[in-house]
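# Need coordinates for the following:
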Amino acid sequence: MAAPKYCTIGRLAKRAGIPSSTIRYYERIGLIEPESRSTGNYRLYSQTSLEKLRFIRAAQAVGFTLDDTRALLADETGEPPPCGSVQKRIEARLSDIEQRLKQLRHVRRVLKAALEQCSAQLPSERCCIVEKLRAAC
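Now for the predicted structure:
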């Protein structure tokens, strides 16, 4: 069996399409760790790290938090989590998204009403929306 090929954090970042600072952050929070160190004490990573980074990014892209992602990577035994615990995380993320959508719909209504008010004013007049925002402070 051939020895695993290692790369530096810069090369790993390039292959994963993310900044090396992101990899360092993931290290600090325990999502990833270098598999080895060079004689000059540089962090060294393998294909496994690249796959883990791609998994993290894919999980984030569908709405999972980094805490969720940590749990999805492996449980305390190092095994992937059972479907039941994944389902609970999905339900929690969906609930969060529903709440955010509700808030965004409210913001949309407020902004549309503000735009209508602005459209009714002359461009040179003092903006009533800015005045309302100042009064709210």
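# Which residue, other than its chain neighbours, is closest to the residue nearest to the spatial centre of the chain?
Nearest to the geometric centre of the chain sits Gln60, at 4.6 Å (Cα atoms, centre = their mean). By the measure of Cβ to Cβ, 6 or more residues apart in numbering, the closest residue to Gln60 outside its immediate chain neighbours is Thr69, 6.8 Å from it. From N, CA and C alone the C-beta is placed, and that goes for glycine too.
# Just say helix, strand or coil for the one you found.
helix (DSSP: H, G, I helix; E, B strand; the rest coil).
# how about stretch 80-89 as CSV, C-alpha atoms only?
Once non-C-alpha atoms are left out, stretch 80-89 reads as follows in CSV (Å, rounded to 0.1, in the frame of the first residue of the first chain):
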residue,chain,number,x,y,z
PRO,A,80,-21.5,8.5,11.0
PRO,A,81,-24.6,9.4,12.9
PRO,A,82,-27.9,7.4,12.7
CYS,A,83,-30.6,8.7,10.4
GLY,A,84,-32.8,9.6,13.4
SER,A,85,-30.3,12.2,14.7
VAL,A,86,-29.8,13.6,11.2
GLN,A,87,-33.6,13.9,10.8
LYS,A,88,-33.8,16.0,14.0
ARG,A,89,-31.1,18.3,12.7
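# residues making contact with that stretch?
64, 68, 71-75 (Cβ atoms under 8 Å, 6 or more residues apart in numbering).
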